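J.: any chance you can model this:
(one chain, ligands or ions: 1)
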Amino acid sequence: MDQSTFEAPAGAASAALTPMMAQYFEIKAVNPGYLLFYRMGDFYELFFEDAEIASAALGIVLTKRGKHLGEDIGMCGVPIHAANDYLNKLIRLGHRVAICEQMEDPAEAKKRGSKSVVKRDVVRLVTPGTLTEDDHLDARASNYLAALAMVRHGDVDFALAWADISTGETFVADLTAETLADEMARVAPAELLLADATRAALVERHLFAPAWAGIATNIAPALADSEAAMPVLRSAFPADLFDPSALSRAGRAALGALVAYIGDSQKGRTAPLRPPQANPAETTMAIDAATRSSLEILQTQRGQTKGSLRHSIDLTVTASGARLLASRLAAPLRRADAINERLDAVARLVDDTLLRGRLRQDLKSVPDLARALSRLALERGGPRDLAAIGKAVGAALALATHLGNQPELPPVLADLAKTLGAAPRTLASEMGLALDDELPLLARDGGFVRPAYDGVLDEERALGRETRAVVAALQARLMDETDVRSLKIKHNGVLGFFVEVPANHGQKLLEAPHRETFIHRQTMANAMRFTTTELAELEGRIARAQDAALDIELRIFARLRQMVLAETLQLQGLADALAELDVTAALAEVSALRGYCRPIVDDSLAFAISGGRHPVVELMVKAEGQSFVANDADLSGSEQVGGGSLWLVTGPNMGGKSTFLRQNALIAILAQMGCYVPADRAHIGVVDRLFSRVGASDDIAHGRSTFMVEMVETAAILNRATRRSLVVLDEIGRGTATFDGLSIAWAAVEALHETTGCRALFATHFHELTSLAKTLSRVANVTMKVREWEGEVVFLHEVGPGAADRSYGIQVARLAGLPAPVIARAKQVLDVLEQRSSGSASSSQKASVLDDLPLFAHQPAPAPKGKDPIHEAIDAVRPDEMTPRQAIEALYNLKKLRDDARRS
Ligand SMILES: Nc1ncnc2c1ncn2[C@@H]1O[C@H](COP(=O)(O)OP(=O)(O)OP(=O)(O)O)[C@@H](O)[C@H]1O
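T.: Residues are numbered from 1 along each chain as shown. Predicted coordinates:
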């Protein structure tokens, strides 16, 4: 333990710093903004304000340790063995932590003088975007660190670079003011690096989303400099795989900042970043932030995975497969040939149940290769990570054999078989030979090398075991010599080996002749402890054997680690292949289990879905024992006719409009990510951009009303949608006065039809809009069918041609439990308004009818009484006065009345 002290010496001037305090302040000063975990023996201690923050956040005791400038120094401590949990909690709460370790043995420091302080240094900065440990990460989600850079000249405004250091994936993309928010929504980084000037420019241009404030880390402008970035990037990536000069200035600046920040946070350890993929969005379907949220692709609008599209189709069996599935869902493809290649692979596994089952079974035991590799590279890995690599390689080879035995594999599967088959076999065999079955988390705990792997290690271990036998023999001898039968040789961390006798025999050993042999160490309540020269020598031999064995094990660990790191690129490729195989098999599984169909995907402007279902609502409805009603949609068009078609969807609230709208957007996403779709048949001409505005949203944090948000989003659609886009819009114009709203909706439909020519579904309660179908050739009216029965509305959830004549809002309000007087009053008002708009009454008549209506506030309208025979029969029933027989008869009568009513 470090003997130096943190406290100012008693009586010293209050400003005097002990050497340790000086060291603390020095380290703290170069790591501003971080809570400093300052290692002292078996604890990380936090001081001053850090201690106050951490004790409040972690619920641990805040104590005092001496004074500084006349004030108490607050302190709290975190034991080393539990540090990970505390760290995790702090990071989740948005704190950043600098881990400061002791860089030498306290004995070393002592050699320099009794007052010397143990050398300490920060070995790692822990931030939300630089996590690598399994305890800190969600195994099934990527954890991106992103850097945003801006240049004020040239054609590119912004660039975003992002990487997951737990897997090495790295990307960089040029962005414009328009695409910035979309890309941020797709990447969803855990931490965003940006310089103050960039942030200010974004805020000024209303481009800084409020949510980014919570993940933003301010970096020095010099870090995001396009020139300074060049040497950083040249040394980070192999020249033959990546040429930084091919990037835009902004791209270089962003990527340079990202790499430099990662380097700094890992304090010299190299994260295994892969050569960056540039501009990944160029080949994928553009989906803006509002659409992602509206369609609940990766998470619901409440931020939960359950209930999202991902949750409903994720049948992957590995963590890396789950991460890849999520990134494919977030970025469906835009090229028909690439999509069809994926679909070919899925189709093969849909058809071959046996092969699919076998692959999935084998995949289940594949460990997370990419994350194990990353930890090893960052010197944070242990024996279990080595074993994971060996196991993954072994599994890859087995999978390659299953696949390789199959005739005529589609290209994607053939490529996967090739990559898997080329896995570095020696790693699997070496790890199998070297590593034991039960492994410690950390190499320094030792005991992980399998017996018979290393001759010298076996010898040292045998020596350790032998000396233990010698200890047993010594105990027997001492027992005989002293004639104390209860004498024991024991071991603890403080004394090492010692002889223990019960208290009543202790005196005997303190006296001649035994006192020549036994040296007193400790007196306990019930026992007395001694040592002997022989025992001390033996202890030295055991300790030396243990040290020697551990030393050999650590050298073996280092060699195995080097073997693994030498194959980094190949192992990363292998991790990708394993994830891709898992995703392909999982999509095939979901397609087969749920009766999805293979979509035809081409470059036409088709969008023809027969028997389409909503992948999430279908599961929910089925879980409630009901069946989901499948619906067709046909928005197909062509260049010749001026583009795609637009369906105006009318129908009652709760009739299933939103579900129908969303299901078609989700079908497009699933098809283009390379999955079968929930439909009987589907033909989709590739969609370049998807827009979906379904369900109200407001943005109070941004100071914009629901209507304002709606208009901003509608503007984005009208400005950005192309002929290839799919637009799904729900009730545009509902948030303002009726006529304003109607006019806006009317003009938006005309613009989509006449100018954009995209394929669109447009749900509305403005029934006036349906007359557009008469004048606009590619507009068609459909409606959600309902049936009315005894004043109740029954939703059929079926889409049929035509327009709804009513919204049934009042019936839905009654279902929702609005008080009966309110419902009755609403009906009266509706009747008057309908008469007025039908023009059957003169204006003075209408006014007087409205005036004559009893006002709800003064005189609640009576709840409507049942006048039909069923209600009358029920009213006539007096259960207390009935015999069982009469009750049965009454029941039969009621059923008969109900049947009569149905027939009429
Ligand atoms: N095709 C369907 N088959 C079976 N049930 C359905 C179907 N479509 C919708 N539903 C059920 O009806 C409920 C309401 O659907 P939805 O939210 O789509 O209605 P809506 O017409 O958009 O209503 P509102 O206009 O009030 O938003 C769903 O939660 C679901 O339970």
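J.: got the CA coordinates for stretch 354-371 in PDB?
T.: Only the C-alpha atoms of stretch 354-371 are listed here, as PDB (Å, rounded to 0.1, in the frame of the first residue of the first chain):
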ATOM      1  CA  LEU A 354     -32.600 -29.000 -42.400                       C
ATOM      2  CA  LEU A 355     -29.600 -26.900 -43.400                       C
ATOM      3  CA  ARG A 356     -31.100 -23.800 -41.700                       C
ATOM      4  CA  GLY A 357     -31.700 -25.700 -38.500                       C
ATOM      5  CA  ARG A 358     -28.200 -27.100 -38.500                       C
ATOM      6  CA  LEU A 359     -26.500 -23.700 -39.200                       C
ATOM      7  CA  ARG A 360     -28.600 -22.000 -36.500                       C
ATOM      8  CA  GLN A 361     -27.800 -24.700 -34.000                       C
ATOM      9  CA  ASP A 362     -24.100 -24.300 -34.600                       C
ATOM     10  CA  LEU A 363     -24.200 -20.500 -34.600                       C
ATOM     11  CA  LYS A 364     -25.800 -20.500 -31.100                       C
ATOM     12  CA  SER A 365     -22.500 -21.400 -29.500                       C
ATOM     13  CA  VAL A 366     -20.400 -18.800 -31.500                       C
ATOM     14  CA  PRO A 367     -18.900 -16.200 -29.100                       C
ATOM     15  CA  ASP A 368     -18.700 -12.500 -29.800                       C
ATOM     16  CA  LEU A 369     -15.400 -12.600 -31.900                       C
ATOM     17  CA  ALA A 370     -15.300  -8.900 -32.800                       C
ATOM     18  CA  ARG A 371     -15.600  -7.700 -29.200                       C
END
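J.: tell me the buried residues in that stretch?
T.: Neighbour-count burial for stretch 354-371 flags 355-356, 358-360, 362-363, 366-371 (criterion: 16 or more other CB atoms under 10 Å). (C-beta placed from N, C-alpha, C; glycine too.)
J.: redo those as TSV? Include distance to residue 471 and pLDDT.
T.: Listed next are those as TSV, based on distance: CB to CB, whole Å; pLDDT from 0 to 100:
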residue	distance to residue 471	pLDDT
355	59	95
356	58	97
358	53	95
359	54	97
360	53	97
362	48	95
363	49	97
366	45	96
367	40	95
368	43	96
369	44	96
370	46	95
371	43	94
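J.: nearest to residue 419 among those residues?
T.: Distance to residue 419, by CB to CB, is smallest for residue 369 among the buried residues of stretch 354-371, at 12.5 Å.
J.: residue contacts, the closest one?
T.: Residues in contact with residue 369 (CB atoms under 8 Å, 6 or more residues apart in numbering) are 320, 388-389, 392, 571, 574-575, 578.
J.: and with 6 Å instead?
T.: For residue 369, the residues meeting the contact criterion (CB atoms under 6 Å, 6 or more residues apart in numbering) are 392, 575.
J.: what about residue 440, which helix or strand?
T.: Assessed by DSSP states H and E, residue 440 sits outside every helix and strand.
J.: how many residues are close by it?
T.: 14 (other CB atoms under 10 Å).
J.: try residue 386
T.: Residue 386, neighbours per other CB under 10 Å, totals 26.
J.: in the stretch 501-650 of the chain, which spans are strands?
T.: In the stretch 501-650 of the chain, the segments counted as strands under DSSP state E, counting those that start in this stretch are 519-523, 527-531, 600-602, 607-612, 631-634, 646-650.
J.: just the CA atoms of stretch 666-682, as CSV, please.
T.: C-alpha atoms of stretch 666-682 as CSV (Å, rounded to 0.1, in the frame of the first residue of the first chain):
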residue,chain,number,x,y,z
LEU,A,666,-42.4,-1.5,-43.3
ILE,A,667,-42.9,-3.9,-46.1
ALA,A,668,-40.7,-1.7,-48.3
ILE,A,669,-38.0,-1.6,-45.6
LEU,A,670,-38.1,-5.4,-45.1
ALA,A,671,-37.9,-6.1,-48.8
GLN,A,672,-35.0,-3.7,-49.4
MET,A,673,-33.0,-5.0,-46.4
GLY,A,674,-33.2,-8.4,-48.0
CYS,A,675,-35.9,-10.1,-46.1
TYR,A,676,-39.2,-11.8,-47.1
VAL,A,677,-42.2,-9.6,-46.4
PRO,A,678,-45.5,-10.2,-44.5
ALA,A,679,-47.7,-10.5,-47.6
ASP,A,680,-49.0,-13.1,-50.1
ARG,A,681,-47.3,-11.4,-53.0
ALA,A,682,-45.2,-8.3,-53.3
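J.: mind listing what's buried in that stretch?
T.: Across stretch 666-682, burial judged by 16+ other CB under 10 Å covers 666-679, 682.
J.: in what helix or strand does residue 356 lie?
T.: Residue 356 is part of helix 353-363 when elements are defined by DSSP H and E.
J.: coming back round to it: including distance to residue 537, could the buried residues of stretch 354-371 go into JSON lines?
T.: Putting the buried residues of stretch 354-371 into JSON lines (distance: CB to CB, whole Å) gives the following:
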{"residue": "355", "distance to residue 537": "65"}
{"residue": "356", "distance to residue 537": "65"}
{"residue": "358", "distance to residue 537": "60"}
{"residue": "359", "distance to residue 537": "60"}
{"residue": "360", "distance to residue 537": "59"}
{"residue": "362", "distance to residue 537": "54"}
{"residue": "363", "distance to residue 537": "55"}
{"residue": "366", "distance to residue 537": "50"}
{"residue": "367", "distance to residue 537": "45"}
{"residue": "368", "distance to residue 537": "48"}
{"residue": "369", "distance to residue 537": "48"}
{"residue": "370", "distance to residue 537": "50"}
{"residue": "371", "distance to residue 537": "47"}
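J.: out of those, the closest to the ligand would be?
T.: Nearest to the ligand, judged by CB to the nearest ligand atom, of these is residue 356 at 29.3 Å.
J.: contact partners for that closest one?
T.: Counted by CB under 6 Å, 6+ apart, residue 356 has contacts 349, 585, 588.
J.: ok, the first one - how many residues close by?
T.: Spelled out, that is residue 349. 24.
J.: now do the last one
T.: Residue neighbour count, defined by other CB under 10 Å, stands at 27 for residue 588.
J.: likewise for the second one?
T.: The number of residues packed near residue 585 is 28, by other CB under 10 Å.
J.: show the contacting residues for it.
T.: Per CB under 6 Å, 6+ apart, neighbours of residue 585: 349, 356, 359-360.
J.: element containing the nearest residue to residue 366 once chain neighbours are set aside?
T.: Of all residues not flanking residue 366 in the chain, residue 395 sits nearest, at 4.6 Å (CB to CB, 6 or more residues apart in numbering). Taking DSSP H and E as the definition, one finds residue 395 inside helix 383-404.
J.: how about residue 123?
T.: Residue 123 belongs to strand 120-126, assigned by DSSP H and E.
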